[in-house]
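Enquirer: I need the structure of the sequence given here:
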Amino acid sequence: MTYTEELKKRAEEVNNIVCMGIDPVLTRIPLKGTPEEVLTKFYIDILNAMDKEGVYPACVKPNIAFFEQYGIEGLRALKKIIDAYKEKNIPVILDAKRGDIGKTCKAYARAIFDYWKADAVTVHPYLGSDSVLPFAEKGGVYVLVRTSNKSAVELQDLKVDNDPIFKKVAEKVVDWKTGAVIGATYPEELEILSKFFVDSGKEIPLLIPGVGTQGGSAVDVCNILKKTDNDLRLHRINSSSGINFAYEKQGIDDYAAAAVKALKELALEAKF
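Expert: Numbers count the residues shown, from 1 in each chain. Prediction:
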């Protein structure tokens, strides 16, 4: 089964296209212990709450930097969390944003797909095909095309042959037959790129961050994808802190139940 086929199948199984970002911040986690103990328990508790409610995301997306900041303990926690979610057949996109020359990328790819057991990874396109294809040979790949941060315009809007650079990167994504990261915070660009990918005749899965605390709307994203005749099952709408730390907004102590409630609400908005 190809990666795009797996995406569609998973969306149908859980009836949503939600990607739960996993971006731990120790000061926002109401637990005591070592970083490894706290991080592991927090996300395993959320997973157990998913089991209890029978509600699951289409995938999860751990950001490796949020674990690396806590050193080896953070990385041990990441391994335990990935293994636990994979045991429940929840696909994992490792948000590592790698990008380097060919030999180095092959080493990165082995780490991501063989050690971490991720199903897909985020990558930078700046070094060209050398920095993308070694990953595509081993699993799913999401190339940064139009990112959700405000300063994205500083480089991504620069013109090349009268087209913004993000459009040129999108053209390479079609050539590479990978996925693309496009922020929900730029709905006009999302519509342009979604139409471009559909018109290309290739199935280009989109990873769409920026929903929730960054200001993007899952409903708006789904409406844009539908407007451009894009198959919603291929795509994943990401929310991280809006799910992880939902207990803060809900004003309750049960952080796991709060996370699943937020997941359930987003899943209703991100139906295909």
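
Enquirer: helices along the stretch 1-150 of the chain, start to end?
Expert: 3-14, 35-53, 64-68, 71-87, 102-109, 133-136 (DSSP state H, counting those that start in this stretch).

Enquirer: out of these, deepest packed?
Expert: When neighbours are counted by mean count of other C-beta atoms under 10 Å, the highest per-stretch mean among these falls to helix 133-136, a mean of 22. For glycine as for every other residue, the C-beta is placed from the backbone atoms N, C-alpha and C.

Enquirer: name the residues that touch that one?
Expert: When contacts are taken as C-beta atoms under 8 Å, 6 or more residues apart in numbering, the neighbours of helix 133-136 outside the stretch itself are 98, 102, 105-106, 108-109, 112-113, 121, 123, 141, 176-178.

Enquirer: now the two most distant members of these.
Expert: Tyr108 and Lys177 (19.6 Å; C-beta to C-beta).

Enquirer: ok, the residue most central in space within the chain - contacts?
Expert: When C-alpha atoms, centre = their mean is applied to the chain, the residue found nearest the centroid is Lys61 (4.7 Å). Shown in contact with Lys61 (C-beta under 8 Å, 6+ apart): Cys19, Met20, Gly21, Ile22, Val92, Ile93, Leu94, Asp95, Leu207, Arg236, Asn238, Ser240.

Enquirer: gap between it and Val121?
Expert: 10 Å (C-beta to C-beta, to the nearest Å).

Enquirer: which residues do these two both contact?
Expert: Counting by C-beta under 8 Å, 6+ apart, the residues touching both Lys61 and Val121 are Ile93, Leu94, Asp95.

Enquirer: which among those residues gets closest to Ala65?
Expert: When those are compared for distance to Ala65 (C-beta to C-beta), Asp95 wins out at 8.0 Å.

Enquirer: shouldn't the closest one be in contact with Gly21?
Expert: Yes - taking C-beta atoms under 8 Å as the definition, Asp95 is a contact partner of Gly21 at 7.3 Å.

Enquirer: with neighbour numbers in mind, choose between these two.
Expert: For the pair Asp95 and Gly21, the greater number of neighbours falls to Asp95 (26 against 23), based on other C-beta atoms under 10 Å.

Enquirer: pLDDT wise, what is the more buried one at?
Expert: Looking at Asp95, its pLDDT stands at 98.

Enquirer: what bridges to it?
Expert: Listed by DSSP bridges, the beta-bridge partners for Asp95 are Asn63.

Enquirer: which of the contacts of Lys61 count as buried?
Expert: Buried members of the contacts of Lys61, counted by 16 or more other C-beta atoms under 10 Å: Cys19, Met20, Gly21, Ile22, Val92, Ile93, Leu94, Asp95, Leu207, Arg236, Asn238, Ser240.
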